[in-house]
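S.K.: Quick one, structure for this:
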Amino acid sequence: MFDNLSDKLGGIFDKLTRRGALSEADVTAALREVRIALLEADVALPVVKDFISSIKDKAIGANVLKSVTPGQQVIKVVSDGLEAMLSGVSVDELDSENFAAEGLNVAAPPPAAYLMVGLQGSGKTTSTAKIAKRLTEKNKKKVMMASLDVRRPAAQEQLKILGEQIDVLTLPIVAGQMPLDIAKRAMQAARLQGVDIVLLDTAGRMHVEQSLMAEVVAVRDAVSPIETLLVADALTGQDAVNVAREFSDQIGLTGVVLTRMDGDGRGGAALSMRAVTGQPIKLIGTGEKLDAMEEFHPKRMASRILGMGDVVSLVEKVTETIEADEAEKLAKKMAKGTFDLEDFRSQLQQMSKMGGMKGILGMLPGIGKAQKQMMNAGMDETLFKRQEAIISSMTPLERQKSKILNASRKRRIAAGAGASIQDINKLLKMHKQMATMMKRMKKMGGKGMSPAGMAGMLPPGMENLIPRK
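M.R.: Modelled structure (predicted):
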């Protein structure tokens, strides 16, 4: 989402850090470039003006210009400014308190209502299911979903199917019932069935109109929701910001859910949303799967935008994704210094669950440029899918003992996986490098992964992309 903005900001800061000393003119010129970069990323003009104004005095202050590393200090000031903008506070307030993610309100007495609002096509129904899954699994709440969309064909049926997929209750469909009556019936059913939270998926329109607002207001007044969440498509840019302003003014919001944050949009909507609505971005959609939703952390997002990575989120993803028994099995193999193709396939599958190579690299500090080089060299998601297909075409014995793979076996595997002999040879070379890395880690006592070890995970010729101390 923020690739272009990150690249531009990275170029600006590279110029600053290459200089030993900075003048006030240098910093002013850099901030002017930051301003242009934010505007080109589709951040709202008033938000950009406030942002630059809030950090300018700090950036050209004596503490920065006379410091040992003025370029790094300017980056720190901009990082703090971004975090403050995304947190909805001033930079000075940020200094006195660490603002974490503002999660969903799950403490209200049951049954509590969440009102999902937004335009048609913003991903509202899918986001409703994602939130229901999150509340069920992470917060251990009993959840019910109800569709109030009586206009879009099969909207209610869609939510019912999603409910079946994630094993969450959905309100039975009654043909001809109006949205307000459906909402009241949902709350009554929730009381009878001991439901903690009811998610009400309201109807959307192609644009903001008065009939939509009147319908949502009537439902809001009837159910008194503890959360009124605007679902907005991050790819729509300033349009999403305008929609947010309308819903905020007429209905009142408690938070924003931004969908398609894994897309290739400019990202300005995400940076503008907090300032425009006065309400926090609570969740972001990071993919199409029903578990692809994350809490929005202002500090972590600021770090990602500035190319500093987000190691905390990466660790959280690893903890949530990697199964304990698989990790234990791999640890035992590492202790023995063995790593076969079955283990390699397991690692590829775990990587896919964590968002693929692009998702993982995006959270590592200082690897933005390397990521592009990797993608240009053909190290993209299709490479790993092809490798998994090749391993799946092997027999269990071949996965355990790759040395037995002769020419005839390779031809059979290539035919089964729709790959070439060259692809198989590349996979075997990559596996050999990873096996060597595992042996090194065994000698290190499993204390960590060296740059040499990380390089062993990459295809031949890509080793120089890993930062080394």
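
S.K.: what's the distance between the residue most central in space within the chain and residue 301?
M.R.: For the chain, residue 286 is the residue whose C-alpha lies nearest the centre (Cα atoms, centre = their mean; 4.1 Å). Between residue 286 and residue 301 the distance is 12 Å, computed by Cβ to Cβ, to the nearest Å. Yep, even glycine has a C-beta here, placed from its N, CA and C like the rest.

S.K.: Ok, residue 262 next?
M.R.: 14 Å.

S.K.: Test for you: state the pLDDT assigned to the residue nearest to the centre of the chain.
M.R.: pLDDT for residue 286: 80.

S.K.: my read: it touches residue 292, true?
M.R.: Yes: using Cβ atoms under 8 Å, residue 286 is in contact with residue 292, at 4.8 Å.

S.K.: and residue 252, what element?
M.R.: Under the criterion DSSP states H and E, no helix or strand holds residue 252.

S.K.: you'd agree it is up against residue 227?
M.R.: No: look at residue 252 against residue 227 with Cβ under 8 Å: they stay out of range, at 11.3 Å.

S.K.: Those two: which is more packed in?
M.R.: residue 227 (21 against 13; other Cβ atoms under 10 Å).

S.K.: quick one, what contacts the more buried one?
M.R.: Contact partners of residue 227, counting by Cβ atoms under 8 Å, 6 or more residues apart in numbering, are 104-105, 113-115, 254-255.

S.K.: returning to what we had before: now for residue 252 and residue 227: what residues contact both?
M.R.: By Cβ under 8 Å, 6+ apart, residue 252 and residue 227 have no common neighbours.

S.K.: Residue 302 versus residue 86, what's the distance?
M.R.: 6 Å.

S.K.: How about residue 407?
M.R.: Using Cβ to Cβ, residue 407 is found at 54 Å from residue 302.

S.K.: These two: which has the busier surroundings?
M.R.: Neighbour comparison, residue 407 and residue 302: the larger count goes to residue 302, with 22 against 8 (by other Cβ under 10 Å).

S.K.: Can you pull the phi/psi pair for that one?
M.R.: Torsion angles at residue 302 (phi, psi; degrees, to the nearest 10) stand at phi -60, psi -40.

S.K.: lowest-confidence helix or strand of the chain?
M.R.: The weakest-scoring helix or strand in the chain, judged by mean pLDDT, DSSP states H and E, is helix 451-455 (a mean of 44).

S.K.: Just the CA atoms of stretch 387-402, as PDB, please.
M.R.: Extracted C-alpha coordinates of stretch 387-402, given in PDB (Å, rounded to 0.1, in the frame of the first residue of the first chain):
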ATOM      1  CA  GLN A 387       8.300 -25.200  -5.400                       C
ATOM      2  CA  GLU A 388       5.500 -26.500  -3.200                       C
ATOM      3  CA  ALA A 389       3.900 -28.200  -6.200                       C
ATOM      4  CA  ILE A 390       7.200 -29.800  -7.100                       C
ATOM      5  CA  ILE A 391       7.700 -31.300  -3.600                       C
ATOM      6  CA  SER A 392       4.000 -32.500  -3.600                       C
ATOM      7  CA  SER A 393       4.800 -34.400  -6.800                       C
ATOM      8  CA  MET A 394       7.500 -36.400  -5.000                       C
ATOM      9  CA  THR A 395       7.000 -39.700  -3.200                       C
ATOM     10  CA  PRO A 396       7.500 -39.700   0.700                       C
ATOM     11  CA  LEU A 397      10.900 -41.400   0.200                       C
ATOM     12  CA  GLU A 398      12.100 -38.800  -2.300                       C
ATOM     13  CA  ARG A 399      11.200 -36.000   0.100                       C
ATOM     14  CA  GLN A 400      13.200 -37.700   2.900                       C
ATOM     15  CA  LYS A 401      16.100 -38.600   0.700                       C
ATOM     16  CA  SER A 402      16.600 -36.100  -2.100                       C
END
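
S.K.: Begin at 53 from now on, thanks
M.R.: OK, 53 is where the count begins now, so the last one is stretch 439-454.

S.K.: Now it: buried residues?
M.R.: Going by neighbour count (16 or more other Cβ atoms under 10 Å), the buried part of stretch 439-454 is 439-443, 445-446, 450-451, 454.

S.K.: next one: stretch 101-117
M.R.: Neighbour count says stretch 101-117 has 102-104, 106-108, 110-112, 116-117 buried, by 16+ other Cβ under 10 Å.

S.K.: residue ranges with poor pLDDT in the stretch 253-402 of the chain?
M.R.: 289, 315-320, 356, 359-390 (pLDDT under 70).

S.K.: Would you map the helices across it?
M.R.: 262-275, 290-302, 320-329, 350-357, 363-373, 376-388, 393-405 (DSSP state H, counting those that start in this stretch).

S.K.: what ranges do the strands span in this protein?
M.R.: Assigned by DSSP state E, the strands in the chain fall at 164-169, 195-199, 221-222, 249-253, 279-285, 307-311, 333-337, 345-347.

S.K.: could I get those as a markdown table with distance to residue 298?
M.R.: Output for these, formatted as a markdown table (distance: least, Cβ to Cβ, whole Å):
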| stretch | distance to residue 298 |
| --- | --- |
| strand 164-169 | 10 |
| strand 195-199 | 23 |
| strand 221-222 | 29 |
| strand 249-253 | 19 |
| strand 279-285 | 10 |
| strand 307-311 | 13 |
| strand 333-337 | 17 |
| strand 345-347 | 24 |
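
S.K.: Those: which one's closest to residue 293?
M.R.: strand 279-285 (8.4 Å; Cβ to Cβ).

S.K.: now the closest one against strand 249-253, angle please.
M.R.: For strand 279-285 against strand 249-253, the angle by axes from the mean of the first three to the mean of the last three Cα atoms, to 10 degrees is 40 degrees.

S.K.: How far away from the center of its chain is strand 279-285?
M.R.: Here strand 279-285 is found 17 Å from its chain centre; the criterion is Cα atoms, centre = their mean, to the nearest Å.

S.K.: returning to what we had before: could you give me the PyMOL syntax to select whichever of the contacts of residue 279 are buried?
M.R.: Those of the contacts of residue 279 that count as buried under 16+ other Cβ under 10 Å are selected in PyMOL with:
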select buried, resi 156+165+166+167+306+307
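
S.K.: Which residue of residue 314 and residue 353 possesses the greater neighbour count?
M.R.: Higher neighbour count among residue 314 and residue 353: residue 353, with 25 against 19, using other Cβ under 10 Å.

S.K.: does that one really touch residue 138, like I thought?
M.R.: Yes: look at residue 353 against residue 138 with Cβ under 8 Å: they come within range, at 5.8 Å.

S.K.: hmm, what's the outermost residue in this structure?
M.R.: Of all residues in the chain, residue 460 has its C-alpha farthest from the mean position, at 43.6 Å, by Cα atoms, centre = their mean.

S.K.: any idea how far that one is from residue 447?
M.R.: As judged by Cβ to Cβ, residue 460 and residue 447 stand 13 Å apart.

S.K.: I'd like to know which of the strands of the chain is closest to residue 483.
M.R.: Residue 483 lies closest, by Cβ to Cβ, to one member of those: strand 345-347, at 31.5 Å.
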